[in-house]
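# Need the 3D shape of this:
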Amino acid sequence: MNEQQSADLRETVRRRYAAAAVQVTEGSTTCCGPQPVEVDESFGSTLYPADDRDTLPAEAIAASLGCGNPTTVAELHEGERVLDLGSGGGIDVLLSARRVGPTGKAYGLDMTDEMLALALANAEKAGATNVEFLKGTIEAIPLPANTIDVVISNCVINLSVDKPAVFAETYRVLRPGGRIGISDIVADDTLTPAQRAERGDYAGCIAGALSFTEYRTGLEAAGFTDIEITPSHPVADGMHSATVRATKPMAVDGAPRVS
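Numbers count the residues shown, from 1 in each chain. Below is the predicted model:
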């Protein structure tokens with residue numbers, strides 16, 4: 001993929017999710033993406049327990065376009081600092097903020113102005129005071145190194161045009177001993193990139209998905225250990241929603257590892 005193709009794909013993704021935010025804001029919502037599609041229980045707010053959904057603004061639920069519930073994958077604790085990559089309407093940031101409590105903090109990162117505006121409105125409606133939303137890309141996270149306890153993401157890394165950069169940046173911002181808890185789309189190792197594209201487009205979270213081996217290799221190359229990639233439910237033939245866990249090592253050769 002050349003530079004122009006990457007830029008075009010990123011703009012396609014940005015426009016699609018900007019449209020989703022506008023639809024929610026205007027009260028005309030669809031599941032699983034901003035363009036009119038049939039309801040697909042593989043994506044969206046139905047993947048969250050009713051108890052979680054009942055505590056959130058309706059707009060945060062309506063804007064949920066993910067493929068899992070990373071706040072449970074990450075097993076968040078009181079006082080932790082959490083970063084959500086591609087935070088959209090803010091559902092996972094708001095749930096994280098509740099789990100880490102007033103001594104913790106939840107950051108949301110998104111490149112789409114419309115989604116950021118929606119997320120800020122949702123945070124205000126929820127009365128969340130320990131949240132902060134940042135504008136930027138997941139390939140260049142606007143936070144200092146070694147400052148985050150947990151990085152989460154919900155069906156967003158598959159949308160990136162530079163996944164090695166995402167893994168490297170995630171590793172950089174995590175403190176030593178920090179961890180990731182991610183929900184994402186992952187392909188069977190037997191599927192070629194062309195076969196993945198046959199099952200869905202890039203902005204629809206399918207064509208850009210990594211295979212299980214590619215995902216593991218990418219995390220290992222960034223420095224992560226204790227990698228677990230577990231499929232949870234199918235989203236297309238040979239394509240799965242999966243949970244991804246990994247850890248940034250505490251030390252290398254007895255010394256703290258600093259990115």
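
# Please make it C-alpha for all contacts and neighbour counts, starting now.
Will do.

# what's the span of stretch 71-85, first residue to last?
End-to-end distance for stretch 71-85, by C-alpha to C-alpha, to the nearest Å: 12 Å.

# Could you count how many residues lie near the closest residue to Gly88 other than its chain neighbours?
For Gly88, ignoring the flanking residues on the chain, the nearest one in space by C-alpha to C-alpha, 6 or more residues apart in numbering is Met115 at 5.1 Å. Counted with other C-alpha atoms under 10 Å, residues neighbouring Met115 total 27.

# cool, and Asn2?
6.

# Please report the distance of it from Ala251.
From Asn2 to Ala251 the distance is 37 Å (C-alpha to C-alpha).

# What of Leu109?
28 Å.

# Between those two, tell me which one has more neighbours.
Taking other C-alpha under 10 Å, Leu109 and Ala251 do not tie; Leu109 has more neighbours (25 against 12).

# In terms of secondary structure, what does the strand or helix carrying the more buried one contact?
Here Leu109 sits within strand 105-110, counting by DSSP states H and E. Packed against strand 105-110 by the contact rule (3 or more C-alpha pairs under 8 Å, 6 or more residues apart in numbering; DSSP states H and E) you find strand 81-85, helix 91-100, strand 131-135.

# can you give me the mean pLDDT across the second one?
If you average the pLDDT over helix 91-100, you get 92.

# ok, now the first one?
Computed over strand 81-85, the mean pLDDT rounds to 97.

# So which residues make contact with that strand?
In this structure, residues lying in contact with strand 81-85 by C-alpha atoms under 8 Å, 6 or more residues apart in numbering are 92-93, 96, 100, 104-110, 138, 147-154, 156-157.

# Spatially central residue for this structure, please.
For the chain, the residue nearest the mean C-alpha position is Ser153 (2.2 Å; C-alpha atoms, centre = their mean).

# List the neighbours of the strand or helix carrying that residue that are in contact with it.
Using DSSP H and E, Ser153 falls within strand 148-154. Under the contact criterion C-alpha under 8 Å, 6+ apart, strand 148-154 has outside partners 66-71, 74, 76, 80-87, 170, 173-175, 177-184.

# And for stretch 229-248?
Counting by C-alpha under 8 Å, 6+ apart, 42, 67-68, 70, 73-74, 171, 174-188, 191, 196, 199, 206, 212, 216, 219, 223-228 sit against stretch 229-248.

# how many neighbours does Glu132 have?
17.

# And for Asp237?
Neighbours of Asp237 using other C-alpha under 10 Å come to 12.

# what's the answer for Arg199, then?
Counted by other C-alpha under 10 Å, the residues lying close to Arg199 total 16.

# With Asp188 instead?
Neighbour number of Asp188 under other C-alpha under 10 Å is 17.
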